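**Student:** Below are the sequence and a predicted model for it; my questions follow.
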Amino acid sequence: MSLSILARSQALRQQTLARGFHASTAARSAHGHYHHLPFNFPGQKKFAFATKVTLYLTLGFSIPFIAAGYQLRKSAGPSD
């Protein structure tokens, strides 16, 4: 039984190598026609875009630290 599995895997490996790899049309097209970002990059509004991205990333990165600080202060109890 194990020999049939080995023979089958060898046949599949040869078939994969013989098939070759081809790039899709989008990957082969010129750079101007294919966009790497999932949205349109603003042409003249670069400062506003940079501000929004910075705010988004800063807020997303700081939330775990804010939550940890809150939980530590909450578990300390009242400080009378």
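**Tutor:** Structure received.

**Student:** Helix or strand: which one has S62?
**Tutor:** Assigned by DSSP states H and E, S62 belongs to helix 46-76.

**Student:** Let me fix that, I meant to ask about P78.
**Tutor:** Assigned by DSSP H and E, P78 falls outside every helix and strand.

**Student:** number of nearby residues for it?
**Tutor:** 4 (other Cβ atoms under 10 Å). Heads up, the C-betas are built off the backbone N, CA and C, glycines and all.

**Student:** what's the answer for F49, then?
**Tutor:** F49: 13 neighbours (other Cβ under 10 Å).

**Student:** wait, it sits on G43?
**Tutor:** No - if you go by Cβ atoms under 8 Å, F49 and G43 don't touch, sitting 9.8 Å apart.

**Student:** What's the mean pLDDT across the host helix or strand of Q14?
**Tutor:** Q14 belongs to helix 2-19 when assigned by DSSP H and E. Mean per-residue pLDDT for helix 2-19: 66.

**Student:** just stretch 58-66 next, same as before
**Tutor:** For stretch 58-66, the per-residue pLDDT averages 96.
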